[in-house]
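# I would like to see how this sequence folds:
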Amino acid sequence: MKKSILLLFIGLFVGALATVYFLGSPRTRGMPGTPLKPPDPSADTAGTVTVTIDETFFASLLGTIFSKLGPPPLQLSQTQSKSVIQPAVFQNSCNNVVVLNAEGGNVKTGVRFTGGKIVAPLAFAGSYSVLGQCVQFKGTGRATVDLSFDAARQTVFGALNVEDVALDGVSPIVSTLVTAFVRRAIAEQLNPFEVLPVSQLSLSLPVQVSGGIVKAIVKDVRSEVQEGTLKLYLTYDFNAEKKNG
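A predicted model of the protein is given here:
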């Protein structure tokens, strides 16, 4: 028993060192704009509309992606030297890709609105050439989603924060390393992503009797997560222009 525990800690330690050696310092990509805040109950709600998105919308969206376009693949560790990470004997058998699957084990990839958070359970599988071995792996993960609003681009963005990753039947050394690769691939290749282009919700209304046009763009977005739904509160900035002549 003591030997097993010792080997486990050695594996985790060596895996952590290998992760630092192969990956170096993780590269982060900042969220565009400003993070979304909850609605202010004391604020004036004039000029504010509410967009409600429920879990069934994302279930339908993801179902279409998986069935019509296929499971999305992410390249693992694109920037690393192939001579170190990918021995020639394994280059043809390992594609160094993690694929997001519709489901795996008891986990179904999707989006959940619960506990005041946006939660994304993930199921995935893939292969990787590491430390002279071709590792075929599958596993599950849990991520939370942060939202931000970029007023200049009139877009609400999201970013996945992978909190938990569990691999099936992989040794501690390889598990630590592959987990780091999976986290990094998701952070660098998926984030940030567009959630809602509010530019499509801008207004331009001709007022014939006044001889002008009323325009409105979104100046602020707030969010509120309820059980099963996400509410986005869009506040508009109105302006008017007189027609020439």
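# Just after the longest strand seen in the chain, pick out the following helix or strand.
The longest strand of the chain (DSSP state E) is strand 133-150. Sequence order places strand 155-167 as the next helix or strand after strand 133-150, per DSSP states H and E.
# And that next one, what does it pack against?
Helices and strands touching strand 155-167, by 3 or more Cβ pairs under 8 Å, 6 or more residues apart in numbering; DSSP states H and E, are strand 117-130, strand 133-150, helix 172-189, strand 193-196. Bear in mind the C-beta positions are built from the backbone N, C-alpha and C, glycine included.
# for those, which one sits closest to residue 52?
strand 193-196 (11.8 Å; Cβ to Cβ).
# what's the weakest-modelled helix or strand in the chain?
Sorting the helices and strands of the chain by mean pLDDT, DSSP states H and E puts helix 82-85 at the bottom, at a mean of 35.
# averaged over its residues, what pLDDT does the next helix or strand after that helix have?
Downstream of helix 82-85, the first helix or strand assigned by DSSP H and E is strand 97-101. Averaging pLDDT along strand 97-101 yields 90.
# got a pLDDT number for the spatially most central residue of the chain?
Residue closest to the average C-alpha location in the chain (Cα atoms, centre = their mean): residue 160, at 3.0 Å. As predicted, residue 160 sits at a pLDDT of 90.
# With the one 3 residues further on instead?
Model confidence at residue 163, given as pLDDT, is 87.
# What about it, how many residues nearby?
12 (other Cβ atoms under 10 Å).
# How about it: what's its closest non-neighbour residue?
Using Cβ to Cβ, 6 or more residues apart in numbering and skipping residues adjacent in sequence, the residue nearest residue 163 is residue 142, 5.5 Å away.
# and what of residue 48?
residue 235 (4.6 Å).
# Now do the host helix or strand of that neighbour: distance to the chain's middle.
Applying DSSP H and E as the criterion places residue 235 in strand 229-242. Strand 229-242 sits 26 Å away from the centroid of its parent chain (Cα atoms, centre = their mean, to the nearest Å).
# cool, stretch 37-52 as well?
25 Å.
# quick one, what contacts residue 160?
Contact partners of residue 160, counting by Cβ atoms under 8 Å, 6 or more residues apart in numbering, are 120, 143, 144, 145, 186, 187, 190, 191.
# pLDDT wise, what is residue 229 at?
95.
# from what I can see it touches residue 54, true?
Yes - under the contact definition of Cβ atoms under 8 Å, residue 229 touches residue 54, with a separation of 4.7 Å.
# Now do the shared contacts for the two.
Common neighbours of residue 229 and residue 54 (Cβ under 8 Å, 6+ apart) are residue 113.
# Give me the buried positions along stretch 236-244.
residue 236 (16 or more other Cβ atoms under 10 Å).
# Is residue 60 in a helix, a strand, or coil?
The three-state label given to residue 60 by DSSP: H, G, I helix; E, B strand; the rest coil is helix.
# what's the answer for the one 3 residues further on, then?
Taking three-state DSSP as the rule, one finds residue 63 in the helix state.
# Ok, residue 41 next?
coil.
# Look up how far residue 227 lies from it.
From residue 41 across to residue 227, the span is 19 Å (Cβ to Cβ, to the nearest Å).
# Between these two, tell me which one has more neighbours.
residue 227 (10 against 6).
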